[in-house]
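A.B. asks: Please work out how this folds:
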Amino acid sequence: MQGEVHSHLEKSIRPYIDLIDTLRSVGIHKDLALPTIVVIGDQSSGKSSVLEALSGVALPRGSGIVTRCPLELRLKKVPGVNWKAVLTYNSKTAGPIRASRLVNGNAAQSTHNEEKIEFTNPLSVEERVAAAQNELAGKGLGICGELITLEIMSPDVCDLTLIDLPGIARVPVNGQPEDIGKQIKRLIMKYINKRETINLVVVPCNTDIATTEALKMAQEVDPDGKRTVAILTKPDLIDKGTEKSVLAIVNNEVIPLRKGYIMVKCRGQQQIDDEIPLEEAVQTERDFFQNHDYFRCLLELEKATIKCLAVKLTQDLVDHIKKSLPQLQEQIKKQLWNVKKPLKDCEHGPPEDLDGAKEFLIKTLNGFNEKIKSLSSGEPSTEKNMFAQLRAEFKKWNDYLNSTKTSFHNSKESSENLRGSELPGFSNYRTFEKILQDHVAELKDPAMDLLNAIKDIVIEKFTDVVSECFQNYRVLQNIITDKINNIQLTQLEKAEQRISEQFKMENRIYTQDPIYLKILSEITNETFSEMELPVFDKRCSYDHMMKAYYEIVVQRIADQLPLMITFYMLQETAQVLTIDTMKLLEKPDVHELLSEDSDVSKRRRDLRARLNRLTSAEEAISKFFNY
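C.D. replies: Numbers count the residues shown, from 1 in each chain. Prediction:
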């Protein structure tokens, strides 16, 4: 193209295209859609020929699917330099160690999984692109969504970047996958569905444009034709008498497109077989239009030739970038803000070295123990307040005890049933004792229910702390959770034993005389003293005496059991747990204890990579606007 394409364009267009190329290089397209031109077309539509004419190099050709991976062509017009190209893609074989070798006499490097090959021979392009496609998509006839980038620097190309996609196949042939058509369409839709994409549709002049699959797909995502450009190829193959119909299409009279149509005539298969150079093909194309009776007018309208196409695409792309940049910058800032919070939540992972890992483990375990200590001591808390639940259970216990007081209304009948041979009116302390013992014994099962309810609350709250402190460390989670359950089982046995002992003690009817008389006085509204005890039995019924003593029992175990259960199930559990937890530091397998959930480590890596992409993109845009 002899460096003529951009002679009348502003020199400022390159920075806009370079900016988008930079953003794509840092990988920001994984997070946000970038302004770009995507080339689509049916198989054998002439798509490869158009791209060859624009780039000045031969691309893979053949029958069936030729473009098997998205190919990003970055064309950079660099006056006064020799032709140079760089091919980049994510290799499946490149390892994490930087490798260096010679490819066709040129240096090739790979860092991590990125294969980057530089070469200075234009004839190597077809071979290298085909090899990259074979590595990514296999040597069969399948396709792959991995992007291959071919950057060409030359004084004889236009400033333009576009992405070539596989040609649309209708039916599988020659061993292609049965769903190859659907695979290709899914890949194409992934690109053209984005509002930031200019869809460049390649359509042969000698076909019915209305039935072209590529144009139908473009219309589906862009019904108004605002971001669609159509290229009409193979004008030399149209039937005579159809020239006016083709002109009507080019003049936007058949299927209107806001960005219009361009007609081109690239090298045909015969010219390729005859090895006609691309430079000569450009002149042949111009001669074709100048000498054509119907299409000559398209030269004046700048709607024909590869040169006009290159100018138009460059202008459209730069205008598209200018309009998109403010919104793109805002989106990057918003995503940066959104990615920092989740990254902070999982940012701090264990160090690789043993000393650092052990120090990290100490800090992690101490943090857990502090939370357990705070939780068990009942410190004021706005969330995870366990004592609110404990108090609720203890209130239920107290309410239940109070509800059992009413069952003494049949105590007279019960005492009569228990009377022996004695005459009426004589005291029988054994009857009094038996009724109370039976009544108190009925409280044991509800007391055990209370114990188990408190156990469940403690386990739940302690396990919540485990999840909070060790959310990324599955091994530690399992170990500490097992410790909590085992300690609670031991403490449960101790508490059950202590409660059983408490009820055995309650089998003895005992309280201090002043306490008993005080309660009795409150029940009967009479005043008693120890000096009046000889006449007391004659004036007071067993009913009052039983109620007075049972009130004392209720008051006693209403407090005693919560104190006992809290001591064994909470305070002692917390103490034993914190001691056992720190014993983990004695284990030699620190790294195993701190082994992370694979999803967590993957999420951290992904978030860090995303943060790096977004940060680099923000810096690139800021630098562009401040330049």
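A.B. asks: Verify the stated contact: Val311 with Leu160.
C.D. replies: No. Assessed by CB atoms under 8 Å, Val311 is found out of contact with Leu160, at 9.6 Å. To be clear about C-beta, it is placed using only N, CA and C from the backbone, and glycine gets the same treatment.
A.B. asks: Tell me which of these two has more neighbours.
C.D. replies: Leu160 (25 against 21; other CB atoms under 10 Å).
A.B. asks: ok, now how distant is the more buried one from Val78?
C.D. replies: Note on Leu160: its distance to Val78, by CB to CB, to the nearest Å, is 13 Å.
A.B. asks: same deal with Arg24?
C.D. replies: Shown here: Arg24 relative to Val78, a distance of 19 Å by CB to CB.
A.B. asks: ditto for Glu72
C.D. replies: Distance from Glu72 to Val78, by CB to CB: 18 Å.
A.B. asks: Which of those two has more residues huddled nearby?
C.D. replies: A count of neighbours by other CB under 10 Å puts Glu72 above the other of Glu72 and Val78, at 21 against 16.
A.B. asks: so the more buried one makes contact with Leu150?
C.D. replies: Yes. Contact criterion CB under 8 Å: Glu72 and Leu150 qualify, at 6.9 Å.
A.B. asks: tell me the contacts of Ile152?
C.D. replies: Ile152 is in contact with 55-57, 73-76, 83-85, counting by CB atoms under 8 Å, 6 or more residues apart in numbering.
A.B. asks: Where does it sit, in terms of helix or strand?
C.D. replies: strand 148-154 (DSSP states H and E).
A.B. asks: next SSE after that strand?
C.D. replies: Following strand 148-154 in sequence, per DSSP H and E, is strand 160-164.
A.B. asks: For that following strand, C-alpha coordinates in PDB please.
C.D. replies: C-alpha atoms of strand 160-164 as PDB (Å, rounded to 0.1, in the frame of the first residue of the first chain):
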ATOM      1  CA  LEU A 160      -5.700  -0.500  12.600                       C
ATOM      2  CA  THR A 161      -6.500  -3.300  15.000                       C
ATOM      3  CA  LEU A 162      -9.200  -5.900  14.300                       C
ATOM      4  CA  ILE A 163     -10.100  -9.400  15.300                       C
ATOM      5  CA  ASP A 164     -10.700 -12.100  12.800                       C
END
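A.B. asks: how far out from the middle of the chain is the helix or strand following that strand?
C.D. replies: Using DSSP H and E, the helix or strand that follows strand 160-164 in sequence is helix 180-192. Distance of helix 180-192 from its chain centroid, counting by CA atoms, centre = their mean, to the nearest Å, is 24 Å.
A.B. asks: which other helices and strands contact the next helix or strand after helix 180-192?
C.D. replies: Downstream of helix 180-192, the first helix or strand assigned by DSSP H and E is strand 197-204. Using 3 or more CB pairs under 8 Å, 6 or more residues apart in numbering; DSSP states H and E, the elements in contact with strand 197-204 are strand 36-41, helix 213-221, strand 228-233, helix 306-346.
A.B. asks: Pull the residues that contact the first one.
C.D. replies: Looking back up the chat, that one is strand 36-41. Outside strand 36-41, the residues within contact range by CB under 8 Å, 6+ apart are 20, 24, 47, 50-51, 160-165, 167-168, 188, 191-192, 196-203, 214, 217-218, 313, 316-317.
A.B. asks: Tell me what angle it forms with strand 160-164.
C.D. replies: Counting by axes from the mean of the first three to the mean of the last three CA atoms, to 10 degrees, strand 36-41 lies at 40 degrees to strand 160-164.
A.B. asks: May I see the buried residues of stretch 337-345?
C.D. replies: By 16 or more other CB atoms under 10 Å, the buried positions in stretch 337-345 come out as 339, 343.
A.B. asks: Kindly report the same for stretch 259-267.
C.D. replies: Result for stretch 259-267 [16+ other CB under 10 Å]: buried residues 259-267.
A.B. asks: which SS state does Glu118 fall under?
C.D. replies: Secondary structure state of Glu118, per DSSP: H, G, I helix; E, B strand; the rest coil, is strand.
A.B. asks: Would you mind measuring from the residue lying closest to it once chain neighbours are set aside to Gln512?
C.D. replies: Nearest non-adjacent residue to Glu118, counting by CB to CB, 6 or more residues apart in numbering: Val86, 5.1 Å away. Val86 sits at a distance of 97 Å from Gln512 (criterion: CB to CB).
A.B. asks: Note down every partner strand of the strand holding Ile152 and its orientation.
C.D. replies: strand 71-77 (parallel), strand 84-90 (antiparallel) (DSSP bridges).
A.B. asks: Can you tell me which of those strands is nearest to Ala620?
C.D. replies: Counting by CB to CB, Ala620 lies closest to strand 71-77 out of the strands paired with strand 148-154; the figure is 15.5 Å.
A.B. asks: quick check: domain ranges of this structure?
C.D. replies: For the chain, automatic domain parsing gives the domain ranges 13-330, 354-595, 602-627.
A.B. asks: For the ones you listed, could you give me a markdown table that also reports mean pLDDT and distance to Leu343?
C.D. replies: Listed next are the domains of the chain as a markdown table, based on pLDDT from 0 to 100; distance: least, CB to CB, whole Å:
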| stretch | mean pLDDT | distance to Leu343 |
| --- | --- | --- |
| domain 13-330 | 85 | 14 |
| domain 354-595 | 85 | 13 |
| domain 602-627 | 86 | 4 |
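A.B. asks: any chance of those domains in CSV, with distance to Val339 too?
C.D. replies: Shown next, in CSV, are these (distance: least, CB to CB, whole Å):
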stretch, distance to Val339
domain 13-330, 9
domain 354-595, 18
domain 602-627, 5
